[in-house]
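K.L.:
No sequence on hand, only this structure:
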């Protein structure tokens, strides 16, 4: 019997306390600006403090960012220039 490890998205969902869903606009220039700003900010943060996963496989119109705490998530939202639409984290 082969025992498989759970997908990283499931592990991160249990590990990180805060999950932020980012809707990615369909316009090419706006999508590029948003993703570049997010990537630059997260690289400066450090790999142990966040995780990124697509919200769906197709179409890729959103992504999830996972953080250890709410303060870090709020700083990311402010730095990237996003608007907050708070909803409680619901994990199946």
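P.N.:
Structure's in. What do you need? Given the structure is predicted, the values throughout are model-derived calculations rather than measurements.

K.L.:
can we go C-alpha only for contacts and neighbour counts from here?
P.N.:
OK.

K.L.:
what packs against the least confident helix or strand in the chain by mean pLDDT?
P.N.:
Least confident helix or strand of the chain, by mean pLDDT, DSSP states H and E, is helix 28-45 with a mean of 73. Packing partners of helix 28-45 (3 or more Cα pairs under 8 Å, 6 or more residues apart in numbering; DSSP states H and E): helix 70-80.

K.L.:
quick one on the thing from earlier: for the least confident helix or strand of the chain, which positions count as buried?
P.N.:
Residues of helix 28-45 classed as buried by neighbour count (16 or more other Cα atoms under 10 Å): 34, 38, 42.

K.L.:
and of the residues you listed, the nearest to residue 62?
P.N.:
residue 34 (11.4 Å; Cα to Cα).

K.L.:
can I assume the closest one is in contact with residue 76?
P.N.:
No - Residue 34 lies out of contact with residue 76 (Cα atoms under 8 Å); the separation is 11.7 Å.
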